[in-house]
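Trainee: how would this look folded up:
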Amino acid sequence: MSECTHVPELPRAEPPALSVTCLECLAADSHPVQLRLCLVCGHIGCCDSSPYRHATAHYEETGHPVIRSFEPGESWRWCFPDQQLV
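Mentor: Down below sits the predicted model:
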């Protein structure tokens, strides 16, 4: 994994998760697949394997560039603008 220009711009402390699941999926009566944490604001969204792709939609709406897996035992991060693991 490599660094990108967006990682140094992230808040020093990881933001707390705003929920324990994808609230947009719950509102749409959909089952979230693989949760992602926005490392700028703490939003929890579902991955691109979910029908609504809420983590990607959050990036597209806010421009918040980096997420990490919110799944137990996983800590990888993804940069949307650079399309790479960071």
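Trainee: distance of residue 63 from residue 38?
Mentor: Note on residue 63: its distance to residue 38, by CB to CB, to the nearest Å, is 11 Å. Heads up, the C-betas are built off the backbone N, CA and C, glycines and all.
Trainee: can you check residue 7 too?
Mentor: Per CB to CB, residue 7 is found 14 Å from residue 38.
Trainee: overlap in contacts of these two?
Mentor: residue 66 (CB atoms under 8 Å, 6 or more residues apart in numbering).
Trainee: So which elements touch the helix ranked longest in the chain?
Mentor: Looking across the chain with DSSP state H, the single longest helix is helix 54-62. When contacts are defined as 3 or more CB pairs under 8 Å, 6 or more residues apart in numbering; DSSP states H and E, helix 54-62 packs onto helix 23-27, strand 35-38, strand 44-46.
Trainee: Mean neighbour count, these: which tops it?
Mentor: Of all these, strand 44-46 has the most neighbours on average by mean count of other CB atoms under 10 Å, namely a mean of 26.
Trainee: ok, now how distant is residue 70 from residue 34?
Mentor: 8 Å.
Trainee: more neighbours, those two?
Mentor: residue 70 (23 against 16; other CB atoms under 10 Å).
Trainee: Dihedrals phi and psi, that one?
Mentor: phi -110, psi 20 (degrees, to the nearest 10).
Trainee: I'd say it and residue 32 touch.
Mentor: No - Residue 70 is beyond contact range of residue 32, at 10.0 Å (criterion: CB atoms under 8 Å).
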